[in-house]
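Participant: let's see this in three dimensions:
(chains A and B)
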Amino acid sequence: MALVSGPGRGGMDSMPAEMRLFVDKHVRYIQSLDSRKDELEYWLTEHLRLNGLYWGLTALHLLGHPDALPRHELLEFVFSCLHENGGFGAAPGHDAHMLYTVSGVQILATLDAFDELEKRVPGGRMKTGQYIADLQDPETGTFAGDEWGERDTRFLYGALNALSLMGLLHLVNVDKAVDHIQTCANFDGGYGTSPGAESHSGQIFTCLAALSIAGRLDLVEQDKLGAWLSERQLKNGGLNGRPEKKEDVCYSWWVATSLAMLKKLHWIDGAKLTAFILQCQDPELGGLADRPGDMVDVFHTVFGIAGLSLLQYPGLAEVDPVYCMPRAVTARCLSRQW
Amino acid sequence: MEPDERDVSSSDLQDQAYDALSEFFSVHEDEVVEIEILPPAIQPTDGLLMMDGLNVGVPKKILVLAYVKARQLFFASIQVDGTSLQALDASRVMLLFDPEHITVANFRKRRILNIKAEAPGQFIQVVIRELVFINSILTSPLHRQSKSPTLWHHRAWLLGMLIPIKLIDASGEQLLAFARAELDAVLKSGEWHPKNYYAWQYARRLLTRVESLYANDSDHAWKASYHEFLATCASLIRAWCCLNPSDISGWTFLSFLLPRLNSLTSRRRIVQQVLDYAINLQAKQESLWVFLRTVLADSILGHERDALIQLLHNFQKERAGAVRDVSPENCVMQADTWIKSYSKELAESRSSQTLPNPSRS
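Facilitator: Residues are numbered from 1 along each chain as shown, chains lettered A, B, ... in the order given. Here you go, the predicted model:
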């Protein structure tokens, strides 16, 4: 436990080489992803295309380049994933699922495009809200991912995230969802996908963020969980997701923001973490990888940058610790009169 | 936009790759096979697959080409016919390469439900073949596939159909033998992909289902063997964990099992075996010590935990004295401290040796 919260506040230009964030490279990397349709990689990640758009768009916003992707094309793609029932699939022709629906809503929120949704599909926002709400298990309070019934606290968090952004939280039983999260609290301090499941940083994030949306962080054993989370930092400054796993830049988000929500971000060494994240950059081609030297992808890019924003790396837009979206966007949505 | 098909030779190779892989699956649809992705240095003589009985080695490039073809076939076929057999064949290759493709997994589920409704005579065979197919992917040495949340959930969904089939035999020997076989699959998958979150999550789902069957009103002979079955599982898992001491998922599953053993003494015995192992081997694996500290601070051993906590404490003092290792990385010291900080209060009564099934508190 201890130490600093982050590097100094000097402008990015005054940063020593090893502390530089290659903003322009990352922007170009994200912009290039869509133009790789001839590459096999593009087809092989079809099952998460809509997630990928959310990751890329969010990274661009945090990097201060919100308009780097063509809005119209983004929206066309998002709407092409929309099903009759209000759910979104990963790509056109793919089945609807909570995971892609949440990304769809987050993209629309970021682009401030709910009015466009209503124009396309009258009552569209409500339809999507109802699709999500219908996935709540009335008995246990948790959420399924789709009609096939897999239950996971990730889906519960996704539901509260998307519904709150659309002003539709009242469509679900939030108290029951909170009760369910309680049953997922493990004796070691962590949380898992369901009652009795293994503690995992990603699941911890989803449970804390859901509790935060519900205003019930008071229910958490904060010291015990804070201790478990602070054990995620390794000698190289990076964070892992569970005991004895390797460091991975995406945990710079899941773990750091969990600590931030508990007001214990200072329980890890922020300077060391910042240095680690920066080493995950590809300074030539842009993008971030899971750890230094590996191949980059847009998933690790957004979570590395979000982690830097949380650690107050200069020049980045403020990230919302609960939503992993620009704070400016969530503030706008959450205060909107629908 | 579709992948470029103007390159004829590439398109031919796509067809050949797809046909070879699809044929392999068809020929072995009743047997669990082992699939490996070959490193670039090893090339099959026919340029496609290296086959040896139930084993097949696929070069990555061939798998990718097969996938591109399968994808075209799948989406084209389901436009025309939602239950297309061609789509079904293609779905195997697709899930092999991209196990997170829920649209394809859902298609296979829908087909199974369709058969249940329209051709019930075929239902059992179809369900069993589905388990064989899923098992082949999940227990093969495929790093990404063996941890797939989509495929492990697909398996859990299949359980809903498999369990009634296994219960048909009233003595239920089939049920417990089946559960054991499923657990063996989890262990195998856990070996290909260490700390395999969703495999072990499946194991919890499996046991929870068996537990609720046990608790229901029906009067099956298998219930007499249930506790012995749990005890055997606990032994098996404890042994596996000691062979894989860095595997936090294995250890976590052991701590899931422990409260389900119906005697405090048998629980304590298992934990003592682990503690003895840790002390004798001077084990330093963080996961092992996280298991020990959690289980010893919890109430699941009742007062039988006291002797073990003392043992751990003595060991820690010995090490601090002899080795002078008081660094924060000293996992023994950390465990000792954690137990002191977070020990759960025990109920006053020391009487029960046998506790009812654990309730979530």
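Participant: might one say that A:Gln203 is in contact with A:Asn186?
Facilitator: No. Look at A:Gln203 against A:Asn186 with Cβ atoms under 8 Å: they stay out of range, at 9.8 Å. Backbone N, C-alpha and C define where each C-beta goes, glycine included.
Participant: list the contacts for residue 152?
Facilitator: Unless you meant another one, I'm taking chain A. A:Thr142, A:Phe143, A:Gly145, A:Thr193, A:Ser194, B:Pro149 (Cβ atoms under 8 Å, 6 or more residues apart in numbering or on different chains).
Participant: hm, I was asking about chain B
Facilitator: Residues near B:Trp152 by Cβ under 8 Å, 6+ apart: B:Leu138, B:Tyr198, B:Ala199, B:Gln201, B:Tyr202.
Participant: which ones among those map onto helices?
Facilitator: Counting by DSSP state H, the part of the contacts of B:Trp152 found in helices is B:Leu138, B:Tyr198, B:Ala199, B:Gln201, B:Tyr202.
Participant: could you measure from A:Arg291 over to chain B?
Facilitator: Using Cβ to the nearest Cβ, to the nearest Å, A:Arg291 is found at 16 Å from chain B.
Participant: point out where the stretch 51-200 of chain B drops to low pLDDT.
Facilitator: Applying pLDDT under 70 to the stretch 51-200 of chain B picks out residues B:169-172.
Participant: residue numbers of it in contact with chain A?
Facilitator: Within reach of chain A by Cβ under 8 Å from any Cβ of the partner chain, the stretch 51-200 of chain B has these residues: B:64, B:67-68, B:71, B:75, B:97-98, B:100-103, B:106, B:109, B:149, B:153, B:156-157, B:195, B:197, B:200.
Participant: for A:Gly87, which non-adjacent residue is closest in space?
Facilitator: Once flanking residues are discounted, A:Gly87 sits nearest to A:Ala96: 2.9 Å by Cβ to Cβ, 6 or more residues apart in numbering or on different chains.
Participant: pretty sure the one you found contacts A:Ala90?
Facilitator: No. A:Ala96 is not in contact with A:Ala90 according to Cβ under 8 Å; the separation is 9.2 Å.
Participant: domain ranges for the chain?
Facilitator: You didn't pick a chain, so chain A it is. Domains of chain A are assigned by the TED database as A:21-32+A:45-135, A:221-337.
Participant: let me rephrase: I mean chain B.
Facilitator: B:1-166, B:170-260, B:282-361 (automatic domain parsing).
Participant: distance between the second one and the chain's centre?
Facilitator: The chain centroid and the centroid of domain B:170-260 are separated by 10 Å, computed with Cα atoms, centre = their mean, to the nearest Å.
Participant: what does the last one give?
Facilitator: Domain B:282-361 has its C-alpha centroid displaced from the chain centroid by 27 Å (Cα atoms, centre = their mean).
Participant: any part of it near chain A?
Facilitator: Yes. Residues of domain B:282-361 contacting chain A under Cβ under 8 Å from any Cβ: B:Gln285, B:Glu286, B:Ser287, B:Val290, B:Thr294, B:Ala297, B:Asp298, B:Tyr342, B:Lys344, B:Arg360.
Participant: now that domain: mean pLDDT?
Facilitator: Per-residue pLDDT values across domain B:282-361 average out to 82.
Participant: contacting residues around A:Cys324?
Facilitator: A:Cys324 neighbours (Cβ under 8 Å, 6+ apart): A:Thr58, A:Trp253, A:Thr257, A:Val302, A:Phe303, A:Ala306.
Participant: list the ones among those residues that fall in strands.
Facilitator: Using DSSP state E, the subset of the contacts of A:Cys324 located in strands is empty.
Participant: need the buried ones from the residues you listed selected in PyMOL.
Facilitator: Typed into PyMOL, the line below selects the buried ones among the contacts of A:Cys324, using 16 or more other Cβ atoms under 10 Å in any protein chain shown:
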select buried, chain A and resi 58+253+257+302+303+306
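Participant: just to revisit the earlier point, so who does the residue nearest to A:Gly87 touch?
Facilitator: Counting by Cβ under 8 Å, 6+ apart, A:Ala96 touches A:His83, A:Asn85, A:Gly87, A:Phe88, A:Gly89, A:Tyr131, A:Asp146.
Participant: go again with 7 Å.
Facilitator: Residues near A:Ala96 by Cβ atoms under 7 Å, 6 or more residues apart in numbering or on different chains: A:His83, A:Asn85, A:Gly87, A:Phe88, A:Gly89, A:Asp146.
Participant: what's the pLDDT at it?
Facilitator: If you check A:Ala96, the pLDDT there is 98.
Participant: so it bridges to which residues?
Facilitator: Going by DSSP bridges, A:Ala96 is paired in beta bridges with A:Gly89.
Participant: where along the chain do the strands fall?
Facilitator: You didn't say which chain, so I picked chain A. Under the criterion DSSP E, strands of chain A are mapped to A:288-289, A:296-297.
Participant: not quite, go with chain B.
Facilitator: Assigned by DSSP E, chain B shows strands spanning B:34-38, B:50-52, B:55-59.
Participant: which helices and strands does the second one pack with?
Facilitator: Going back to what we said before, that points to strand B:50-52. The helices and strands touching strand B:50-52, judged by 3 or more Cβ pairs under 7 Å, 6 or more residues apart in numbering or on different chains; DSSP states H and E, number zero.
Participant: in its sheet, what does that strand sit against?
Facilitator: Strand B:50-52 sits in its sheet next to strand B:55-59 (antiparallel), going by DSSP bridges.
Participant: confidence score at the residue nearest to A:Ala197 when sequence neighbours are not counted?
Facilitator: Spatial nearest neighbour of A:Ala197, chain neighbours left out: B:Gln201 (5.9 Å); criterion: Cβ to Cβ, 6+ apart. The score at B:Gln201 is 98. That number is its pLDDT.
Participant: do B:Ser11 as well
Facilitator: At B:Ser11, pLDDT is 82.
Participant: and it, how many neighbours?
Facilitator: Counted with other Cβ atoms under 10 Å in any protein chain shown, the neighbours of B:Ser11 add up to 16.
Participant: distance check, it against chain A.
Facilitator: For B:Ser11, the distance to chain A equals 14 Å [Cβ to the nearest Cβ].
Participant: now the helices for the stretch 51-200 of chain A?
Facilitator: Assigned by DSSP state H, counting those that start in this stretch, the helices in the stretch 51-200 of chain A fall at A:71-80, A:98-110, A:114-120, A:124-133, A:153-165, A:174-183.
Participant: and the shortest one, what does it pack against?
Facilitator: Secondary structure elements in contact with helix A:114-120, counted by 3+ Cβ pairs under 7 Å, 6+ apart, are helix A:124-133.
Participant: CA atoms only: put the helix it packs on into CSV for me.
Facilitator: Extracted in CSV, the C-alpha atoms of helix A:124-133 (Å, rounded to 0.1, in the frame of the first residue of the first chain):
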residue,chain,number,x,y,z
GLY,A,124,-36.4,2.6,-30.2
ARG,A,125,-34.9,3.7,-26.8
MET,A,126,-37.8,2.1,-25.0
LYS,A,127,-37.5,-1.1,-27.1
THR,A,128,-33.9,-1.5,-26.3
GLY,A,129,-34.5,-0.7,-22.6
GLN,A,130,-37.2,-3.4,-22.6
TYR,A,131,-35.0,-5.9,-24.3
ILE,A,132,-32.5,-5.4,-21.5
ALA,A,133,-35.0,-5.4,-18.7
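Participant: about what we covered before: buried subset of the contacts of B:Trp152?
Facilitator: The buried subset of the contacts of B:Trp152 (16+ other Cβ under 10 Å) comprises B:Leu138, B:Tyr198, B:Ala199, B:Gln201, B:Tyr202.
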